[in-house]
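Enquirer: okay, sequence plus prediction incoming.
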Amino acid sequence: MGIAKERVEALLEENRDHRCEGSLDTCVQILAIADLPTRFGEYQVVAFASPSDRKEHAAFVHGDVYELGDVPVRLHSECLTGDAIGSLRCDCRDQLIESLERIGQMDNGVVLYLRQEGRGIGFANKIRAYQLQDAGFDTVQANQILGFRPDERDYGVAAHMLRSLHVRSIRILTNNPMKVSDLTRHGISIVGRIPVTVPPNEVNRQYLDTKRRKLGHLIDLEQTDDLDFSADAVK
């Protein structure tokens, strides 16, 4: 059971002529909501538009989250190379699948899919960063050489998406403390954190270690080596 039909209609109606108060940098508007059966369970997909960045973001909602608290939520930033192509350079696809599977087995939850490719630097710059990593720099150094901060993302849009869905408080699925602090700064009540731990592969171990050492991600690489993430184990 997802968000009830009458509540879906109410959400669409209140967003029809939505006008954001204050800064437009974090403004979003719900455009459409539809059922989305997936291999990870029954979801509803919510299409958002942002007038500030002219991007379309998505929420994948499992169960009813309307006016509820303690809702499990994953914030996932777009990664074309990982999510769609299966790149081994990162753990993005693994974390996305793990989050969808886990939330699909819970009573409710949300996966927010944010169009913030390459930690917010865009697709072309991400590939430029890959070139620098091929030359021996780590992911943080590569971003800095290109003139960016190690992580350019902001989660104000994500906060507005959660408020638009009338989510009262969340348990966030993340290893990234920045997501916790930034969502809190934008007024989201976070009542707990659920680690999203996936084992490294033969390519991305240094990438994960850099996230742990330089970006403060809560990753225990020794522990992940011993985890069983087979299909039977996650059910």
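Expert: Done, it's in. Residues are numbered from 1 along each chain as shown.

Enquirer: neighbours of residue 161, how many?
Expert: Using other CB atoms under 10 Å, residue 161 is surrounded by 26 other residues. No exception for glycine: its C-beta is placed from N, CA and C like everyone else's.

Enquirer: whichever strand or helix holds it - what's its average pLDDT?
Expert: Element membership of residue 161 [criterion: DSSP states H and E] is helix 156-164. In this model, helix 156-164 carries a mean pLDDT of 94.

Enquirer: now do stretch 8-16
Expert: On average, stretch 8-16 scores 93.

Enquirer: contact partners of it?
Expert: By CB atoms under 8 Å, 6 or more residues apart in numbering, the surrounding residues in contact with stretch 8-16 are 3, 29, 30, 31, 32, 33, 44, 66, 164, 165, 166.

Enquirer: and of these, the nearest to residue 98?
Expert: Within those, proximity to residue 98 (CB to CB) peaks at residue 44, which comes in at 20.2 Å.

Enquirer: can you show me the strands along the protein?
Expert: Chain-ordered strands for the chain, with DSSP state E as the definition, fall at 29-38, 41-50, 55-62, 71-77, 109-114, 169-173, 189-194.

Enquirer: tabulate the ones you listed (CSV), appending mean neighbour count and distance to residue 129.
Expert: Supplementary listing: these in CSV, determined by neighbours: other CB atoms under 10 Å; distance: least, CB to CB, whole Å:
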stretch, mean neighbour count, distance to residue 129
strand 29-38, 14, 31
strand 41-50, 20, 24
strand 55-62, 21, 20
strand 71-77, 25, 14
strand 109-114, 24, 19
strand 169-173, 20, 25
strand 189-194, 14, 28
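
Enquirer: would you turn these into JSON lines with distance to residue 95 and mean pLDDT?
Expert: Output for those, formatted as JSON lines (distance: least, CB to CB, whole Å; pLDDT from 0 to 100):
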{"stretch": "strand 29-38", "distance to residue 95": "16", "mean pLDDT": "96"}
{"stretch": "strand 41-50", "distance to residue 95": "17", "mean pLDDT": "95"}
{"stretch": "strand 55-62", "distance to residue 95": "14", "mean pLDDT": "96"}
{"stretch": "strand 71-77", "distance to residue 95": "7", "mean pLDDT": "97"}
{"stretch": "strand 109-114", "distance to residue 95": "10", "mean pLDDT": "98"}
{"stretch": "strand 169-173", "distance to residue 95": "8", "mean pLDDT": "97"}
{"stretch": "strand 189-194", "distance to residue 95": "12", "mean pLDDT": "95"}
